[in-house]
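S.K.: Using only what follows, build the 3D model:
(2 chains)
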Amino acid sequence: MPDVLMPRLSDTMTEGVLSQWVKHEGDQVRKGDVLAVIETDKAAMDMEAYDEGMLTRILVPEGASVPIGTPIAVIGEGAAEAAAPSPQPAPDQAERAVVTPPRAPAPPAGPAPAARRPASPLARKLARERGIDLSTVSGSGPGGRIVRADIEQAARALGGPRLAPQPAAATGPQRPAPGAAPAAPAAPAPGYLPGPLHPPVTAPAADAEEIPLTTVRRLTAQRLAASAREAPHFYLTGVADAGQLLAFRAQANARRGADVKITVTDLLIRACATALAAHPEVNASWDETRILRHRHVNIGVAVAIDDGLIVPVIRDADRKTVTEIAREARDLAARARARRLSPDELAGGTFTISNLGMYGIRQFTAVINPPQAAILAVGEAVRQPLVRDDQVTIGTTMTLTLSIDHRAVDGATAAGFLTRLRELIEQPLDIVL
Amino acid sequence: MTVISYRQALHDTLRAELQRDDDVLLIGEEIGVFEGSYKITAGLLAEFGPRRVRDTPICEEGFTGVAIGAAMMGLRPVVEIMTINFSLLAIDQIVNNAAKLRSLSGGQVSVPLVIRTPGGGGQQLSATHSQNLEVFYAHVPGLKVVAPAVPADAKGLLAAAIRDDDPVLVLENLALYNTRGEVPDGEHVAEIGRAAVLKPGRDITVVGYSRAAVIALDVARRLEADGISAEVVDLRSLRPLDRETVCASVRKTGRAVIVEDDWLSYGTGAELAATIAEGAFDYLDAPVRRVAAAEVPLPYAKPLELAALPDAAAITRVVRESLGGA
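M.R.: Here you go, the predicted structure:
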């Protein structure tokens, strides 16, 4: 009984609509007869029969769409077959691909008490539970094997209660299927595959304490690793005479009273913003296929918190007064430590300042905060001998180290920016004017 | 839920993962400008650029090795090997490097690598281009091998593979790319190592994966009309193998037929038959049966090719035999 399959009627066809059955169940069919009309993605086409016989079963109703290769009908040999179940394969098809188990010879007719009677493991188990002697049961399975049904029949014949059905064991996660019943809890299988299939590969080291990662720690690690891996860093170091800057700060704070003290960092934020406005090529980002030069100057300030580093952003710092910057920076830093910053207060920075001067660090290099093109590492302001007008004098200097992403900015350009920054530090009135 | 093709589900998942995680990148032959031999990567080069979507020369060993190195350094490369047949050229990298680096380094490095590759015959691609070699890889500790049969799993298992910290081979199938099915919208990440019951049943368990699971489901639905209630288990993952779901099903039905779109000897069917003997022996009412491809290099000629591959008729016959209608 060959299956009639949904044919491939065009190169691009993946499924077809059975728009009309020309033949009907019970009709005799000859090779070349039109069986049905199939609608493809291109046209409606007649489908001819390749086999002779009776159209015993139609599997796909009119109007349905099925993929190519799907059985749509069965052509059988005659009326007698029409009632038979359809998917019975033809003998020639059934020969291939299937492993036929070695078949035991059929047992002789009638009881043969001495011979071991083939019985399925399940039948043996049920017989044991019901107290049924297997030698009294005749097998209905292949080769006379005793199967569950035979034990159930024997139990009924003995007048015992009907065997309880097999408990419905769970079968794992179920996909939604029409009429699928929810799964019951799995019944354990004694002695089956003890132990985990995948023991953990890494065990905690005995001589180290394991610190689980917080989100901040993980993100800090990911971003800085990506920066160190991908952005070719180069570094420029300059020394600024910070005497005027410190004096200016002291004077400003004395005049303003106790409201918000201006810090060196606040002045540097404004100084960097002013220098970036003059050197917009440093206020940029590498973006793989292009360089983005940012229209706003948004300065991030690295703030150490308990388990990482957080960089709140002061937007449009070139358009804010030092007092505004000081007030905003205090507020952001306090809320950063309290973890009360909103995501947009951490986003959009175009340049970052990291100041470790207050920890007595003379100079250091910082990892660029991607996707920005540069970061400024600020060292401690220290009093030291200084050559001024060919005289050795005592002055206060500050070491500034700029890390630059060489993909976006070249050395001379970055040097120009650093020079401008140094000039501003040395002439602090220009920072505020 | 949206009804889309298996192909579309793979494409959409790759795109979503590229958008979600900057560390994800695609590597393979003709995946960029040509958009993939089977168009899974259509449009992705244009959207994500050549740094994320890398065309390579014809050198499976080379680019698989490159991807393993990238994965060791923290990226999440998704390699497309045009068909699983060509993975033989990269098998040393996959088996000796990807699978073993975690153990050999004492856990210091992992290899979050995905290899996407279609297998399967039936396309008249002849003997060397129609093989199912996934069992080669499922044999190797340190690798994971998943095999989605339906579009929802194409999405869920590919996403899970990309997010997994160890190497995962995602077995696709040429005959399934155009099949359609419901796919959950939004984030959908499957659990690697869990089989699924595609259709519950009482009388017999039919187990398969990939194309074989789809054919088994079709057979089971048709047998329903004849009063035979077959349960269909889709393995979904060859390693880790969900032995418990298979055994639980057989403990319920008492009978099992395993369908493999692959040669019989030393195959999935053998592994599962042993698993069932260990986990469900006292529940077996009939010997475990296998339906597999003929043990020949797959012929090119269409009638011979069809004759060599397992099909619905063969599964139907063995199910009936197992149920006692021999």
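S.K.: Burial check on whichever residue of the stretch 1-150 of chain B sits closest to chain A, number of neighbours?
M.R.: Here the residue of the stretch 1-150 of chain B nearest chain A is residue B:107; by C-beta to the nearest C-beta that distance is 3.4 Å. C-beta coordinates here come from the backbone N, C-alpha and C atoms, glycine included. When neighbours are defined as other C-beta atoms under 10 Å in any protein chain shown, residue B:107 has 13 of them.
S.K.: can you check residue B:51 too?
M.R.: 10.
S.K.: could you pull out the strands for chain B?
M.R.: B:2-5, B:24-28, B:53-55, B:76-80, B:114-119, B:144-146, B:168-173, B:180-183, B:196-199, B:204-208, B:230-234, B:237-239, B:256-263, B:289-293 (DSSP state E).
S.K.: which one of the ones you listed has the most crowded surroundings?
M.R.: Highest mean neighbour count among the strands of chain B (mean count of other C-beta atoms under 10 Å in any protein chain shown): strand B:204-208, with a mean of 31.
S.K.: low-scoring stretches of the stretch 251-400 of chain A, by residue?
M.R.: Within the stretch 251-400 of chain A, the set of residues satisfying pLDDT under 70 comprises A:258.
S.K.: In it, mark out all the strands, start to finish.
M.R.: For the stretch 251-400 of chain A, the strands defined by DSSP state E, counting those that start in this stretch cover A:284-286, A:291-293, A:299-301, A:303-305, A:308-310, A:313-314, A:351-355, A:374-388, A:391-405.
S.K.: Let me see the domain layout of the chain.
M.R.: With no chain named, the answer covers chain A. A:3-88, A:215-432 (automatic domain parsing).
S.K.: looking at chain B here, not the other one
M.R.: Structurally, chain B divides into domains by automatic domain parsing as follows: B:2-183, B:196-322.
S.K.: what distance separates the start and the end of the longest one?
M.R.: So the one you mean is domain B:2-183. Terminal residues of domain B:2-183 lie 5 Å apart, using C-alpha to C-alpha, to the nearest Å.
S.K.: Report how many residues lie close to the residue in the stretch 151-300 of chain B that chain A sits nearest to.
M.R.: Across the stretch 151-300 of chain B, no residue is closer to chain A than residue B:245, which sits at 3.1 Å (C-beta to the nearest C-beta). Applying other C-beta under 10 Å, we find 27 other residues in the vicinity of residue B:245.
S.K.: got it, and residue A:369?
M.R.: Residues contacting residue A:369 under the criterion other C-beta under 10 Å number 21.
S.K.: Pull the contacting residues for it.
M.R.: Residue A:369 makes contact with A:223, A:227, A:300, A:302, A:311, A:349, A:352, A:375 under the criterion C-beta atoms under 8 Å, 6 or more residues apart in numbering or on different chains.
S.K.: which among the residues you listed gets closest to residue A:60?
M.R.: Nearest to residue A:60 out of the contacts of residue A:369 is residue A:223 (C-beta to C-beta; 56.3 Å).
S.K.: wait, doesn't that closest one sit right on residue A:370?
M.R.: Yes: using C-beta atoms under 8 Å, residue A:223 makes contact with residue A:370 at a distance of 6.0 Å.
S.K.: What segments of the stretch 101-250 of chain A are helices?
M.R.: Along the stretch 101-250 of chain A, counting by DSSP state H, counting those that start in this stretch, helices occupy A:121-130, A:148-157, A:215-230, A:243-256.
S.K.: check contacts around residue 158.
M.R.: I went with chain A, as the question did not name one. Here residue A:158 is in contact with residue A:132 (criterion: C-beta under 8 Å, 6+ apart).
S.K.: Sorry, I should have been clearer: chain B.
M.R.: Applying C-beta under 8 Å, 6+ apart, the residues near residue B:158 are B:9-10, B:13-14, B:17, B:114, B:116, B:148, B:170.
S.K.: quick one: which of these is nearest to residue A:320?
M.R.: When the contacts of residue B:158 are compared for distance to residue A:320 (C-beta to C-beta), residue B:17 wins out at 40.7 Å.
S.K.: Turn the contacts of residue B:158 into TSV, columns for pLDDT and distance to chain A.
M.R.: Listed next are the contacts of residue B:158 as TSV, based on pLDDT from 0 to 100; distance: C-beta to the nearest C-beta, whole Å:
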residue	pLDDT	distance to chain A
B:9	98	15
B:10	98	16
B:13	98	18
B:14	98	19
B:17	98	16
B:114	98	18
B:116	98	21
B:148	98	12
B:170	98	19
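S.K.: re the thing from before, which among the domains of chain A is found nearest to residue B:270?
M.R.: Nearest to residue B:270, of all those, is domain A:3-88, at 26.2 Å by C-beta to C-beta.
S.K.: same question for the closest one, mean pLDDT?
M.R.: Mean per-residue pLDDT for domain A:3-88: 79.
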